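Student: following is a predicted model, sequence given first.
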Amino acid sequence: MGKSKKLPGKGKVGKGAATSSRSNKRPRTESGSRQPQGPCPDWPKNKKLLNFPEMWREQLYRNKVVELKHERNLIVAEKTGSESDFKHYGVVECFERLGWLNAFTLEKFNQKQIYLDEIITWMATLRKVLGKKPPTTTKLIGTVGETENELSFNALDKIADFDSGATNPKRPYEYLSTEVIACNDDKYKGDMWVEMLCELFDVPPSRLSIKMTLDRCDLRQFPKLLSSLTCCNILPRTSDISQIRNCDVRVLHALCTGFPTMSFKQMVLHNIWEARISGDRKTIPHFKLITALLVNVGVITETSKSYKPGVTPFTRDHIRDTEFIFIKSKFAYILEDYKGKLTYEVPREDQGEEEEDDEAETENDEDVEEREYDRLERGGDVEMQVERPPTWGNWTSYEREMYVQQAKEIAAAAKCRVAQENSLKTWQEEQAKLAQERWEKQEAYEKS
């Protein structure tokens, strides 16, 4: 990233960096008159900004972000996803199914430069207007210089086509309440919570409950791969990356299965507003989106100070050395976990077609042998072939993988049951034979 500069402080609103020390000066009202004397209050982490008088909110927000000292701690910049790297592994399909492809590729708003002074000023002055039909009419309005700049559904549409329509099947978006999105209370988890955990986590059934501890290491392979991107582009954060939060569950389930059909634009407004009013959230999400907004409305000028964040793109090369191995075999695209040896497979639908490139690794005989031994250790059946139902072609790759996995588990259980029955039959035959021998010996003894 290079040498980081100090964050702009809390002085005058608009261009130019202000002092970085905490200030207790009284803010002015819109009319310019000073409020009654008094120090700027402290902002506890468990308290919302809306609980403070409006005259102190801008100053309190600036005090909060300046505690991070450097911009590298403040920025949660979006990662650019590679379609060519992940199109065979079901990732691109997940984002297309929800109409979120632009949130994956950042094709229309991949800003190379960001403007910290203007973004912090916009966030510090932010206010929320619900409109007649929230969230579609909700606006987040911040002031930079003399200009009010709003972030809304319409403003996001001018940046990129984010909610391009839920497909397979086609259906409208569900606009969830803030409480359901955050899911900080068990009462907002809903009746489907345990079922969602069952589809996302590879844990014993006894652990599945509404109180279950959510660890990233317990995720199934495919949701774990998706979580590497959602923590930057969908639910941005820099802390607790090894944990899965309650709000992550619904988003990962929506990407994996298509339900619920959540709105990305609603998620953006939710994330930015929560970062503004929450005392324990100091980072600013969706930096590139906010930059695109300010560029579109003409707030950014030639004199604006820019900063180029060092953001690692979301490609196979950049995550291969950490957790996952990507393999292309004769019949499937395979995703393996370095640590747990867990395997996720997507059946190949391009068999017999000429490959235009060699992006995925070709699996050699040693790879096959080693992977099959790993399956045997986990109780898998190497030779088993799962019969595909008539509706197979309409299923997503995730649904196919879950079907194959469950079919193999059922077959393995049936095989185990047959083995137990055969073992019991053999034991009964042996016991009957021994009883017969004892009876013959006893009869011979009595005759003698």
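Tutor: Good, I have the coordinates.
Student: does residue 334 touch residue 327 like I think?
Tutor: Yes: in this structure, residue 334 is within contact of residue 327 by C-beta atoms under 8 Å, at 4.2 Å. The C-beta positions use only the backbone N, C-alpha and C, and glycine is treated the same way.
Student: for stretch 288-300, buried residues please.
Tutor: Across stretch 288-300, burial judged by 16 or more other C-beta atoms under 10 Å covers 288, 289, 290, 291, 292, 293, 294, 295, 299, 300.
Student: list of residues touching that stretch?
Tutor: With contact meaning C-beta atoms under 8 Å, 6 or more residues apart in numbering, stretch 288-300 is reached by 77-78, 106, 109-111, 113-115, 118-119, 122-123, 144-145, 147, 149, 151, 155-156, 158-159, 268, 272, 284.
Student: now list the buried members of the residues you listed.
Tutor: For the contacts of stretch 288-300, a neighbour count by 16+ other C-beta under 10 Å gives the buried set as 77-78, 106, 109, 111, 114-115, 118-119, 122-123, 144, 149, 151, 155-156, 159, 268, 272, 284.
Student: quick revisit: keep only those of the contacts of stretch 288-300 that are in helices.
Tutor: Mapping the contacts of stretch 288-300 onto helices (DSSP state H) picks out 118, 119, 122, 123, 155, 156, 158, 159, 268, 272.
Student: what sits against the last one?
Tutor: Read it as residue 272. Contact analysis of residue 272 by C-beta under 8 Å, 6+ apart lists 123, 126, 140, 151, 284, 285, 286, 290.
Student: just put those residues in TSV and tack on distance to residue 198 and pLDDT.
Tutor: As requested, the contacts of residue 272 are arranged in TSV below (distance: C-beta to C-beta, whole Å; pLDDT from 0 to 100):
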residue	distance to residue 198	pLDDT
123	39	95
126	39	96
140	36	97
151	36	96
284	35	91
285	29	92
286	31	92
290	37	93
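Student: out of the residues you listed, which one sits closest to residue 48?
Tutor: Of all those, residue 126 has the smallest distance to residue 48: 13.5 Å, by C-beta to C-beta.
Student: wouldn't the closest one be in contact with residue 276 here?
Tutor: Yes: with contact defined as C-beta under 8 Å, residue 126 counts as touching residue 276 (4.9 Å).
Student: please tell me how far residue 298 sits from residue 118.
Tutor: Counting by C-beta to C-beta, to the nearest Å, the gap from residue 298 to residue 118 is 11 Å.
Student: please apply the same query to residue 332.
Tutor: 48 Å.
Student: ok, residue 261 next?
Tutor: 34 Å.
Student: the closest residue in space to residue 87 that isn't next to it in sequence: neighbour count?
Tutor: Take residue 87 and drop its neighbours on the chain: the residue closest to it by C-beta to C-beta, 6 or more residues apart in numbering is residue 93, 7.8 Å away. Using other C-beta atoms under 10 Å, residue 93 has 20 other residues around it.
Student: then residue 127?
Tutor: Neighbour count for residue 127, taken as other C-beta under 10 Å: 15.
Student: ok, now the one 4 residues further on?
Tutor: As a burial measure, the neighbour count of residue 131 was computed by other C-beta under 10 Å and equals 13.
Student: contacts only, for it.
Tutor: Shown in contact with residue 131 (C-beta under 8 Å, 6+ apart): 137, 138, 139.
Student: thinking the first one is in contact with residue 130, fair?
Tutor: Yep, that's residue 137 we're talking about. Yes: with contact defined as C-beta under 8 Å, residue 137 reaches residue 130; the gap is 7.0 Å.
Student: and which of the contacts of residue 131 is nearest residue 254?
Tutor: Taking C-beta to C-beta as the measure, residue 138 is the one of those closest to residue 254, at 20.2 Å.
Student: where's the closest one relative to residue 261, distance?
Tutor: Counting by C-beta to C-beta - residue 138 and residue 261 are separated by 18 Å.
Student: and if you look at residue 248?
Tutor: From residue 248 to residue 261 the distance is 17 Å (C-beta to C-beta).
Student: of these two, who's got more company?
Tutor: More crowded of residue 248 and residue 261, by other C-beta under 10 Å: residue 248, with 24 against 20.
Student: surely the more buried one meets residue 228?
Tutor: No: taking C-beta under 8 Å as the definition, residue 248 is not a contact partner of residue 228, at 11.7 Å.
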